[in-house]
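J.: below are the sequence and a predicted model for it; my questions follow.
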Amino acid sequence: MVGLPSKYAESVDSVMLLIVIISVLLLLGVTVAMIYFVIRYNKKRNPKATQIEGNNTLEIIWIVIPTILVLVMFYFGYAVFHESRVVPKGAMNVKVIARMWAWEFEYNNGKKSGELYLPVDRSVKLELNSMDVNHSLYIPAFRIKEDVIYGRQNYMVIKPDKVGTYIIACAEYCGLRHSLMYSKVHVLSKKDFEKWISDF
Ligand SMILES: [Cu+2]
């Protein structure tokens, strides 16, 4: 998982990979069992239907193993989700204002921008506000997405580890020009960010 712009994005991809692996194993298991039964119990080999009584061992196995699997998926999924809801101490605040159909980012010193500029290696709390309808702030490269609800403040945590430019999208249908509601996040070095934030 080289090339992702944050450790959080790597965690999300690891959980996704784990769930895909478990799903593929289950698919293979079910398919193999199905093919085996089709061949083993077809009319030629088994002309008279076999009467199957209960089998406790089998029933315990197919209750216990799937339960463990879903608990494992839940555990890792929740652990990573939880990380995204905790705002670290000393996080920088940026106010996000969504409206039909543009994003605006406002900094503590009053600077406003249509694109998001962030310093590398620093946790940022994005405070999500809507001026009109429901939107959703989606930054795919960082694997984060959060609803921006009118009349309610929501938040999102982002901590970029890599300098670069990434896409921001609105992921909640919000009207006619929703599909054009894009912006960018620019992750700058600390020095470049200081220069950018103090220049307005
Ligand atoms: Cu929108």
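T.: Nice, thanks for sending it over.
J.: enumerate the residues of this protein near the ion.
T.: H135, C170, C174, M181 (C-beta under 5 Å from the ion). For glycine as for every other residue, the C-beta is placed from the backbone atoms N, C-alpha and C.
J.: got a list of what the last one touches?
T.: Spelled out, that is M181. By C-beta atoms under 8 Å, 6 or more residues apart in numbering, the contact list for M181 reads M100, W101, A102, W103, H135, A169, C170, C174.
J.: may I have the phi/psi pair for the last one?
T.: This means C174. Here is the backbone geometry of C174 (degrees, to the nearest 10): phi -130, psi 20.
J.: quick one: contacts for it?
T.: Taking C-beta under 8 Å, 6+ apart, we find C174 in contact with A98, M100, W101, D132, V133, N134, H135, M181.
J.: try it again with 6 Å
T.: Contacts for C174 (C-beta atoms under 6 Å, 6 or more residues apart in numbering) come out as M100, V133, H135.
J.: next, find the distance separating V163 from the ion.
T.: From V163 over to the ion the distance is 27 Å, taken as C-beta to the ion, to the nearest Å.
J.: residues contacting that residue?
T.: Listed by C-beta under 6 Å, 6+ apart, the contact partners of V163 are V120, V187, S189.
J.: between these, which is closest to P5?
T.: V187 (6.6 Å; C-beta to C-beta).
J.: surely that closest one is in contact with G164?
T.: Yes: in this structure, V187 is within contact of G164 by C-beta atoms under 6 Å, at 5.5 Å.
J.: more neighbours, these two?
T.: A count of neighbours by other C-beta atoms under 10 Å puts V187 above the other of V187 and G164, at 25 against 13.
J.: do you know the pLDDT at that one?
T.: On pLDDT, V187 comes in at 97.
J.: contacting residues around it?
T.: With C-beta under 6 Å, 6+ apart, V187 has these contacts: L118, V120, P160, V163, G164.
J.: let's see it at 10 Å
T.: 5-6, 116-122, 141-142, 158, 160-166, 193 (C-beta atoms under 10 Å, 6 or more residues apart in numbering).
J.: close enough to count as contact, V96 and D147?
T.: No: in this structure V96 lies outside contact range of D147 using C-beta atoms under 10 Å: 11.9 Å.
J.: those two: which is more packed in?
T.: Using other C-beta under 10 Å as the criterion, V96 and D147 rank with V96 on top: 23 against 16.
J.: could you tell me how far the spatially closest residue to L126 that is not a sequence neighbour is located from N129?
T.: Spatial nearest neighbour of L126, chain neighbours left out: M156 (4.5 Å); criterion: C-beta to C-beta, 6 or more residues apart in numbering. Distance, M156 to N129, by C-beta to C-beta, to the nearest Å: 12 Å.
J.: re the thing from before, any idea which helix or strand carries the residue nearest to L126?
T.: strand 154-158 (DSSP states H and E).
J.: give me the contact list for that strand.
T.: Residues contacting strand 154-158 (C-beta under 10 Å, 6+ apart): 5-6, 8-9, 83-88, 91-94, 96, 116, 118, 122-130, 136-139, 142, 144-148, 185, 187.
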